[in-house]
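Visitor: got a predicted structure here, sequence first:
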Amino acid sequence: MTKLTKQEAAVLALDENSNGGKDYLPSCLEELTGKEFVFQIRVMPFNFTPNHHTFTVSTITEENTMANLRIKLSFSGHKD
């Protein structure tokens with residue numbers, strides 16, 4: 001989360017609680033609204049068990065990389 005918002009999740013949680021919580025969206029998350037991100041997700045047996053449903057985001061792609069990816073896909077004839 002730090003790479004997207006430049007803040008730790010614990011700080012965001014404290015900020016949410018101190019501002020009423022329910023309908024409050026921290027401005028650093030609001031800034032992400034409307035942007036596109038590509039996540040490379042690695043799911044391992046450890047990450048996905050009956051008691052443990054989490055995953056690891058190992059790569060976050062910048063917005064300008066998305067545009068380059070679309071261009072490459074359109075030249076290769078690949079459909080999104």
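Guide: Here it is on my side, so go on.

Visitor: now stretch 27-36: average pLDDT?
Guide: Throughout stretch 27-36, pLDDT has a mean value of 76.

Visitor: look up phi and psi at residue 41.
Guide: The phi and psi values for residue 41, taken as degrees, to the nearest 10, are phi -110, psi 130.

Visitor: pLDDT score for it?
Guide: 70.

Visitor: mind listing the residues bridging to it?
Guide: Beta-bridge partners for residue 41, by DSSP bridges, are residue 57.

Visitor: low-confidence ranges in this protein?
Guide: 1-5, 7, 9-10, 12-24, 47, 53-80 (pLDDT under 70).

Visitor: what are the structural domain limits within it?
Guide: 1-34, 36-80 (automatic domain parsing).

Visitor: could you look up the SS state of residue 29?
Guide: Secondary structure assignment for residue 29 (DSSP: H, G, I helix; E, B strand; the rest coil): helix.

Visitor: quick check: it vs residue 42, distance?
Guide: Between residue 29 and residue 42 the distance is 24 Å, computed by C-beta to C-beta, to the nearest Å. From N, CA and C alone the C-beta is placed, and that goes for glycine too.

Visitor: these two: which is more packed in?
Guide: Counted by other C-beta atoms under 10 Å, residue 29 and residue 42 do not tie: residue 29 has more neighbours, with 16 against 10.

Visitor: tell me how far that one lies from residue 35.
Guide: From residue 29 to residue 35 the distance is 11 Å (C-beta to C-beta).

Visitor: lovely, talk soon.
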